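> missing the sequence, but the structure's below:
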């Protein structure tokens, strides 16, 4: 990769002056100075793409720490961003009543409904029910001092039941994260 990340740019630095500065080390393909989306002002960072790996190494060795417009530049290799896998668990609906909450959660194709309420005014009770209704529905529950503990127990019980029935469980960390995003856990 021939792209370099440049930080500590002076506000007066232009793309032309940055290009000229890096051209002392070889061919420059592209120069970009990052700007604030709202104000359009420079953010103090940018990128420079050199025409070859040799010129990239040369610029990295010679220009890191060298001044431009009164500022010592910080030059480093720009690494490509690796796409982050998005969670396949999401809350599809939520119902809130005075003393209880219910959440429909899609867990990679497995539908679960979580119902949460204070069991005795002090301990949380959480029930997880499969999207199937009637006699085919699977229900697991747990009671604990906090919603987080009760949820962990319910998810562990759910996964044990699913594996025992020959199926696959749900990703407990992803379910917990999805419920935290809606302030349920």
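It's in. Source: prediction; values computed, not measured.

> ok, now which ones touch residue 179?
Contacts of residue 179 were listed using Cβ atoms under 8 Å, 6 or more residues apart in numbering, and they are 91, 103, 105, 114, 151, 185. In short, each C-beta sits where N, CA and C put it, glycine included.

> SS state for it?
helix (DSSP: H, G, I helix; E, B strand; the rest coil).

> could you look up the SS state of residue 9?
coil.

> who touches residue 89 in this structure?
Counting by Cβ under 8 Å, 6+ apart, residue 89 has contacts 105-108, 170-171, 174-175, 177-178.

> swap the cut-off to 6 Å and go again
107, 174-175, 178 (Cβ atoms under 6 Å, 6 or more residues apart in numbering).

> ranges for the helices of this structure?
Secondary structure of the chain by DSSP state H: the helices cover 15-23, 53-63, 147-164, 172-181.

> buried ones in the longest one?
With burial defined by 16 or more other Cβ atoms under 10 Å, the residues of helix 147-164 counted as buried are 147, 150-155, 158-159, 161-162.

> tell me what it is packed against?
Using 3 or more Cβ pairs under 6 Å, 6 or more residues apart in numbering; DSSP states H and E, the elements in contact with helix 147-164 are strand 124-130, strand 139-144.

> partner residues bridging residue 125?
For residue 125, the beta-bridge partners are residue 117, residue 143 (DSSP bridges).

> domains in this protein, by residue range?
According to automatic domain parsing, the chain comprises the domains 3-77, 89-181.

> re earlier: export the buried residues of helix 147-164 to TSV and tack on pLDDT and distance to residue 3?
Shown next, in TSV, are the buried residues of helix 147-164 (pLDDT from 0 to 100; distance: Cβ to Cβ, whole Å):
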residue	pLDDT	distance to residue 3
147	86	46
150	91	49
151	91	44
152	91	44
153	93	49
154	92	47
155	91	43
158	87	46
159	87	44
161	84	50
162	81	46
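
> what's the neighbour count on the nearest residue to residue 6 once chain neighbours are set aside?
Leaving aside its chain neighbours, residue 6 sits nearest to residue 46 (5.0 Å; criterion: Cβ to Cβ, 6 or more residues apart in numbering). Residue 46 has 20 neighbours, counted by other Cβ atoms under 10 Å.

> just grab the bridge partners of residue 46 for me.
Note on residue 46: beta-bridge partners by DSSP bridges are residue 6, residue 33.

> report the contact partners of it.
Residue 46 sits next to 6, 9, 32-34 when contact means Cβ under 6 Å, 6+ apart.

> if we go to 8 Å?
When contacts are counted by Cβ under 8 Å, 6+ apart, residue 46 touches 6, 9, 13, 15, 18, 31-34.

> repeat for residue 150
Residue 150 is in contact with 116, 123-126, 142-144, counting by Cβ under 8 Å, 6+ apart.

> which of those has the most neighbours?
residue 126 (27 neighbours).
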